[in-house]
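Colleague: Can you look at this prediction? I've put the sequence above it.
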Amino acid sequence: MISIKSPREIEKMRAAGRLTAQARALAGSLVRPGVTTLEIDREVRKFIESHGAKPSFLGYGGYPASVCASVNEVVIHGIPNHRKLEEGDIVSIDVGAYLDGFHGDCAATFPCGEVSDEARKLIEVTRQSFFEGIKFARVGQRVSDVGHAVQQYVESFGYGVVRDFVGHGVGSKMHEAPEVPNYGAAGHGARFQPGMVIAVEPMVCAGDWHVRVLGDRWTTVSADGSLTAHYENTILITDGEPEILTDPGEG
């Protein structure tokens with residue numbers, strides 16, 4: 001069942017979303033050669049907890065960290081470790097914060113120092129595909145309209161959109177109905193209503209869209225080893241334009 005948030009719940013989700021966006025920005029500012037993803041994870045956890053919140057991911061389904069830090073061919077769910085980041089890496093940081101009974105959820109891919117033109121383009125296309133998708137996150141449109149727009153945009157650059165993992169509703173639980181795929185035909189799924197809150201999160205491979213999960217049962221990589229990127233925000237459906245609750249403050 002899809003949850004419609006009350007005005008009071010929406011205010012709480014705005015607060016959780018702001019904190020989550022700040023945590024993502026902090027993580028991104030730490031991405032540089034010589035830093036480990038474990039160090040980034042520790043700083044993000046410290047930041048979230050210092051604001052009276054809990055990292056949404058920590059312990060979720062047994063996940064051992066506060067952020068997902070996915071490097072290069074790792075699409076999502078990369079577990080922070082002692083590997084030092086290197087010049088030219090691209091790092092996808094996915095983070096959630098649970099504050100006053102509600103979650104925020106967002107992600108972005110950050111360049112580590114100077115990166116290749118190919119990597120920079122992949123990051124930009126992935127980010128823009130989110131904005132192409134949420135043009136359809138409006139009252140009267142259907143959930144699949146968002147994913148259709150994401151897929152059309154991404155594939156116009158010859159990239160692949162991951163299909164094994166999808167966006168989702170957000171609220172008092174981190175994953176709620178409805179599922180929000182990043183691909184498929186338009187005109188399907190629930191119609192958007194004011195008060196719905198969803199996470200739209202394109203996951204894009206520079207090559208084929210197929211992925212595989214490694215032996216740790218979390219780390220998910222592109223099957224062909226190609227570079228990958230991820231971009232996500234939590235958004236509120238309103239009577240007009242969707243409101244980005246994890247507003248990155250970048251226009």
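Modeller: Nice, I can see it. Predicted, not measured: the structure shown is a model, and the values here were computed from it. Numbering: from 1, shown residues only.
Colleague: Can you identify each of the helices in this protein by residue range?
Modeller: 7-30, 37-50, 117-134, 143-155 (DSSP state H).
Colleague: Need the winner for burial among those.
Modeller: Highest mean neighbour count of the helices of the chain: helix 143-155, a mean of 23 (counted as mean count of other C-beta atoms under 10 Å). C-betas here are computed from N, CA, C, even on glycine.
Colleague: Show me what it is in contact with.
Modeller: 125-126, 128-130, 132-137, 160-161, 166-167, 178-190, 192, 198, 200, 202, 204 (C-beta atoms under 8 Å, 6 or more residues apart in numbering).
Colleague: swap the cut-off to 7 Å and go again
Modeller: Outside of helix 143-155, the residues within contact range by C-beta atoms under 7 Å, 6 or more residues apart in numbering are 125, 128-129, 132-137, 161, 178, 180-190, 200, 202, 204.
Colleague: closest one to W218 among the helices of the chain?
Modeller: Closest to W218 of the helices of the chain, according to C-beta to C-beta: helix 37-50, at 13.2 Å.
Colleague: I'd like to know which elements that closest one is packed against.
Modeller: Judged by 3 or more C-beta pairs under 7 Å, 6 or more residues apart in numbering; DSSP states H and E, the packing partners of helix 37-50 are helix 7-30, strand 54-55, strand 67-71.
Colleague: Dump the ones you listed into JSON lines; add distance to G104 as well.
Modeller: Formatted as JSON lines, the helices and strands packed on helix 37-50 follow (distance: least, C-beta to C-beta, whole Å):
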{"stretch": "helix 7-30", "distance to G104": "3"}
{"stretch": "strand 54-55", "distance to G104": "11"}
{"stretch": "strand 67-71", "distance to G104": "13"}
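Colleague: circling back to that earlier point, please check the contacts of helix 143-155 and keep the buried ones.
Modeller: Among those, those classed as buried by 16 or more other C-beta atoms under 10 Å are 125, 128-129, 132-134, 136-137, 161, 178, 180-184, 186, 189, 200, 202, 204.
Colleague: Counting only strands, which of the contacts of helix 143-155 make the cut?
Modeller: 161, 178, 180, 200, 204 (DSSP state E).
Colleague: and the last one, what does it touch?
Modeller: With contacts defined as C-beta under 7 Å, 6+ apart, the neighbours of V204 are 122, 125-126, 129, 154, 159-161, 228-229.
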